[in-house]
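>>> The following block contains a protein sequence and its predicted model.
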Amino acid sequence: MQQDKNIEKDFFDFHAEKEAYYDAFYPETNRMIIDRFETLCRPPAGALVADIGCGSGVFTNILRERGYVSFGIDLSQGMVRSGKKRYPNVPFIAGDAEALPFPDESLDAVMLSAIVHHLPDPVGCARETHRVLKPGGRFFAFDPNRLNPAMYVYRDRTSPLYSPIGVTENERPVMPKEVARVFEDVGFQVDTNFLSGLKFRYIASSSVRWLLPAYNFVDDLVFRPPFLKWFRPFVLTSGRKP
């Protein structure tokens, strides 16, 4: 099954116009995610980094602040306009994760910003990521984990409590081993890690938004032990191109 790109464009164009900035996390959480990107990808100073699925550009901007030459890529023209307005010194490009606007072997690192779970079949994205990376280049993806109880109950379509508010029809939490296998099959050496303690500042559903402080507290507390890592809410898939 292929991604319906028009659904993605319409959804994020709408939110780009409706809301000042489409940022789900608090600033300290955004920085935490980039910390993990740096730990797992180890990009050299001044590395060329593409932030794919950049949204309003918060991660692209942090990457640039940390000394990388970063580019924000998003399918939504609305989000690209929002990024340019918010961060005028950062380059943003309207582009498709399955047809990236970069030459072969031109990038040091690729950050897939919560985009894999928007792709019913992420193999095209994996192939493009492999194509644009230099030999030795690395990618980093973070996505909601289907093994996490909250992510499954609230965001998986098989759950009786699934909520479609604030997500597109393409989205679903991912299975860690399935994502790793896709990237391994296109030639990457892949690692899987997990992350909890990411603090949400916003979700679209007003009926459960008031629960966010409790969710943020419980998530950080319950899934901190190492033996529960596979059930943390976010999967970090990373890999190296040989």
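Ah, there it is.
>>> so the most far-flung residue of the chain relative to its centre, which of the three states?
The centre of the chain is farthest from one residue, P160, which by Cα atoms, centre = their mean lies 25.6 Å away. Here P160 is recorded as coil under DSSP: H, G, I helix; E, B strand; the rest coil.
>>> Put the alpha carbons of the longest strand seen in the chain into CSV.
The residue-count maximum for a strand in the chain (DSSP state E) belongs to strand 133-144. C-alpha atoms of strand 133-144 as CSV (Å, rounded to 0.1, in the frame of the first residue of the first chain):
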residue,chain,number,x,y,z
LEU,A,133,24.1,9.5,1.8
LYS,A,134,27.8,9.4,1.3
PRO,A,135,29.6,6.1,2.1
GLY,A,136,29.9,6.1,5.9
GLY,A,137,26.9,8.5,6.2
ARG,A,138,24.2,7.8,8.7
PHE,A,139,20.5,8.2,9.2
PHE,A,140,18.3,8.7,12.2
ALA,A,141,14.6,8.1,12.4
PHE,A,142,12.2,8.5,15.4
ASP,A,143,8.6,7.2,15.3
PRO,A,144,5.9,6.2,17.7
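>>> after that strand, next one along is what?
Toward the C-terminal end, the helix or strand that comes next after strand 133-144 (DSSP states H and E) is helix 149-155.
>>> mean confidence for that next one?
Helix 149-155 carries an average pLDDT of 91.
>>> Measure how far that helix is from the centre of its chain, please.
17 Å (Cα atoms, centre = their mean, to the nearest Å).
>>> need the next SSE after it, C-terminal direction.
Taking DSSP H and E, what comes next after helix 149-155 is helix 176-185.
>>> Within its sheet, name the partner strands of the helix or strand following that following helix and how each one runs.
Heading C-terminal from helix 176-185, the first helix or strand you meet, by DSSP H and E, is strand 189-195. According to DSSP bridges, strand 189-195 forms sheet pairs with strand 234-240 (antiparallel).
>>> angle of the strand it pairs with against strand 133-144?
Per axes from the mean of the first three to the mean of the last three Cα atoms, to 10 degrees, the angle that strand 234-240 makes with strand 133-144 is 170 degrees.
>>> Any chance you could list what contacts strand 234-240?
With contacts defined as Cβ atoms under 8 Å, 6 or more residues apart in numbering, strand 234-240 is touched by 36, 40-41, 116, 136-145, 148, 174, 176, 179-180, 183-184, 188-196, 198. The way it works is simple: take the backbone N, C-alpha and C, and place the C-beta from them, glycine included.
>>> still on that earlier bit, and the residue farthest from the centre of the chain, how far is that from P149?
Going from P160 to P149 by Cβ to Cβ, to the nearest Å gives 13 Å.
>>> swap in M32?
From M32 to P149 the distance is 22 Å (Cβ to Cβ).
>>> Settle it for me: which of these two has more neighbours?
Neighbours were counted for M32 and for P149 using other Cβ atoms under 10 Å; M32 has more, 16 against 13.
>>> Can you verify my assumption that that one contacts G197?
Yes. In this structure, M32 is within contact of G197 by Cβ atoms under 8 Å, at 7.4 Å.
>>> would L63 count as being in a strand?
No. Membership of L63 in a strand is not supported by three-state DSSP, which gives helix.
>>> is it true that it touches I34?
Yes. Assessed by Cβ under 8 Å, L63 is found in contact with I34 at 6.5 Å.
>>> With neighbour numbers in mind, choose between those two.
L63 (27 against 20).
>>> Now the element after the lowest-mean-pLDDT helix or strand in the chain, going C-ward?
Within the chain, no helix or strand scores below helix 206-209, which has a mean of 69 by mean pLDDT, DSSP states H and E. Remark: after helix 206-209, the chain's next helix or strand is helix 212-222, criterion DSSP H and E.
>>> List the buried residues in that following helix.
For helix 212-222, the neighbour count (16 or more other Cβ atoms under 10 Å) marks Y215, N216, D219 as buried.
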